[in-house]
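Asker: Here is my input; please provide its structure:
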Amino acid sequence: MSAVTNKTIWNIGYPIILGNLAQTLIALTDTAFLGRVSAVALGASMIAGIYYYVFATLAWGFSIGIQIIVARRLGEEKLNRIGVVFEHGLVVVFLLAVSLFLIQRYFTEQLLGSVIQSPNIYAAAVEFMAYRHYGISFVCFNFLFRALYIGLSNTKVISYTTLLMAVVNIALDYALIFGRWGFPEMGVGGAALASVCAEVSALLFFIGYTLMKLPLKKYALFAFHKLEGWLMKSVLQLAFPTMLQKLLSFGSWFIFFVLVEHLGEQQTAISGIIRSVYMLIAVPVFAFAATSNTLTSRLIGAGSLNEIKPTLLKILRLSLICISPVLLCCLFFPGLLLSIYTNEPSLIAGAIPSLYVICAAVIGMAFGLTLFEAVSGTGNTTHALWLETGVLAVYTLAIWLFAHWPGADVALVWSSELVYGIFIGLASLLYLKFAPWQKKRI
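Answerer: Numbering: from 1, shown residues only. Next up is the predicted model:
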């Protein structure tokens with residue numbers, strides 16, 4: 001395989017950026033609308049949303065395993081095996097989707113009640129999840145289709161689906177939260193229902209696009225292959241560590257927001273705003289990290305190990321260039337940016353210190369996630385799990401210490417994100433430099 005150019009990286013990364021941007025716009029819209037309902041609604045939607053995605057990350061982690069194998073088969077030019085891998089993924093995702101739906105439907109009230117202190121936030125979070133849990137099955141299959149297309153380096157469809165999601169969510173948010181166009185005024189429940197409808201629309205688009213645009217015979221897709229025991233075992237062995245890794249990662253973030261909620265309703269609302277801004281700044285970071293995973297796996301499949309290091313440096317450079325415009329807006333126009341989310345002066349003033357903290361944190365994340373996803377892309381997902389488990393232990397300790405520091409405020413707690421980015425980057429760098437990852441075959 002020839003050297004990976006900036007154009008190749010960009011062609012893979014920019015549709016993911018557009019897709020992630022649409023996802024972020026959904027969160028931005030929810031935050032901006034609910035920020036004008038009440039601080040409680042804003043805080044509750046944030047905590048319930050993270051709780052929801054703690055479960056969804058199991059599907060995300062599994063799909064990354066599928067993505068790695070698809071990219072590897074593409075690099076090996078074994079195109080007729082891609083459909084076989086995808087169909088095995090469909091079986092696992094179906095079982096996972098049913099299980100997660102049942103857990104969220106029947107255990108949410110007890111789980112949230114055990115960690116949320118504010119009765120107002122708890123009641124609003126339960127109302128949010130009463131609608132939101134219906135989307136968990138659809139989001140599981142959406143992750144699988146995303147993995148297929150990222151693994152194939154055919155990422156434009158992701159931008160289409162998430163643009164559709166953004167349009168559906170924004171329109172229904174406005175209609176259902178505030179009761180416009182003849183719809184009932186549902187508040188926080190309306191935001192949840194709008195997100196479910198957006199996820200359903202994305203899955204329908206994925207299915208239609210795949211059936212009409214993808215060369216099904218070339219990839220042997222939907223040929224109803226017989227399940228292969230060895231392949232299913234291989235997929236699960238590769239994906240399970242990634243599933244557990246994502247669960248631990250988002251579980252730690254859930255702990256983060258639970259500890260923030262214990263600081264008070266105002267601090268929780270501020271963190272809801274900061275989370276939305278953070279995800280907006282980090283859109284290119286997550287996109288190029290996914291690109292790092294795909295290209296590392298493809299380069300290994302093509303036997304071009306010497307191209308991995310220069311490729312990662314190019315990816316990191318592009319990631320930093322892409323986050324610069326929003327970073328500059330945060331640094332020079334913080335009040336204007338925060339006014340998008342709320343018209344409450346006290347929330348805007350309280351959020352500015354945390355905004356400066358996440359500007360530093362996202363630079364650390366660009367460094368850390370690019371290298372860490374390269375570790376996963378090598379196929380050494382068990383090693384990646386152990387690596388991140390150690391870093392998450394440090395991260396969780398930092399969250400706890402900062403949240404319990406005398407006179408602690410929310411900005412100090414947010415500085416734990418910088419700790420994570422630096423430590424995951426250094427650990428990944430040491431692994432890529434000294435570990436025998438080149439020997440892994442999948």
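Asker: and the residue lying closest to Leu331 once chain neighbours are set aside, what element?
Answerer: Nearest residue to Leu331, sequence neighbours excluded (Cβ to Cβ, 6 or more residues apart in numbering): Cys359, at 6.2 Å. Backbone N, C-alpha and C define where each C-beta goes, glycine included. Taking DSSP states H and E as the definition, Cys359 sits inside helix 345-377.
Asker: I'd assumed Ile281 was in contact with the residue nearest to Leu331.
Answerer: Yes - Cys359 is within contact range of Ile281, at 7.2 Å (criterion: Cβ atoms under 8 Å).
Asker: okay, and the common contacts of these two?
Answerer: Residues touching both Cys359 and Ile281 (Cβ atoms under 8 Å, 6 or more residues apart in numbering): 327, 330.
Asker: who's more crowded, the two?
Answerer: Ile281 (25 against 21; other Cβ atoms under 10 Å).
Asker: Let me see the contact set for that one.
Answerer: 323, 326-327, 330, 358-359, 362.
Asker: for the residues you listed, which one is nearest Val410?
Answerer: Checking the contacts of Ile281 against Val410 with Cβ to Cβ, the nearest one is Ile358 at 11.1 Å.
Asker: Can you mark which positions in stretch 234-244 are buried?
Answerer: Across stretch 234-244, burial judged by 16 or more other Cβ atoms under 10 Å covers 234-235, 238-244.
Asker: Residues in contact with that stretch: which ones?
Answerer: Contacts for stretch 234-244 (Cβ under 8 Å, 6+ apart): 57-58, 61-62, 64-66, 68-69, 85, 88-89, 92, 376, 379, 381-382, 384-385, 442.
Asker: Most neighbours among the contacts of Ile281, which one is it?
Answerer: Neighbour max across these (other Cβ under 10 Å) = Val362, 27 neighbours.
Asker: Isn't that residue up against Tyr278?
Answerer: Yes - contact criterion Cβ under 8 Å: Val362 and Tyr278 qualify, at 6.9 Å.
Asker: buried stuff in stretch 398-408?
Answerer: Neighbour-count burial for stretch 398-408 [16+ other Cβ under 10 Å]: 398-399, 402-403.
Asker: and that stretch, how far apart are its ends?
Answerer: When the termini of stretch 398-408 are compared using Cα to Cα, to the nearest Å, they are 13 Å apart.
Asker: Please apply the same query to stretch 328-348.
Answerer: End-to-end distance (Cα to Cα), stretch 328-348: 18 Å.
Asker: what's the next secondary structure element after the helix or strand containing Leu204?
Answerer: Element membership for Leu204, per DSSP H and E: helix 188-213. As assigned by DSSP H and E, the chain's next helix or strand after helix 188-213 is helix 216-219.
Asker: helix or strand right after that following helix?
Answerer: Helix 216-219 is succeeded, C-terminally, by helix 229-261 (DSSP H and E).
Asker: quick one on the thing from earlier: could I get the pLDDT score of the residue nearest to Leu331?
Answerer: Cys359 is assigned a pLDDT of 92 by the prediction.
Asker: residues in contact with it?
Answerer: Here Cys359 is in contact with 281, 327, 330-331 (Cβ under 8 Å, 6+ apart).
Asker: Closest to Leu305 out of the residues you listed?
Answerer: For the contacts of Cys359, the nearest to Leu305 is Ile281 (32.7 Å; Cβ to Cβ).
Asker: mind checking how far that closest one is from Ala360?
Answerer: As for Ile281, its distance to Ala360 is 11 Å (criterion: Cβ to Cβ, to the nearest Å).
Asker: what angle separates the longest helix belonging to the chain from helix 229-261?
Answerer: Using DSSP state H to define each element, the chain has its longest helix at helix 39-76. Put simply, helix 39-76 runs at 150 degrees to helix 229-261, going by axes from the mean of the first three to the mean of the last three Cα atoms, to 10 degrees.
Asker: Glu185: neighbouring residues, count only.
Answerer: 13.
Asker: Let me know the secondary structure of the closest residue to Gly179 other than its chain neighbours.
Answerer: Sequence neighbours aside, Glu185 is the residue nearest to Gly179 in space, at 2.8 Å (criterion: Cβ to Cβ, 6+ apart). Secondary structure, DSSP: H, G, I helix; E, B strand; the rest coil: Glu185 is coil.
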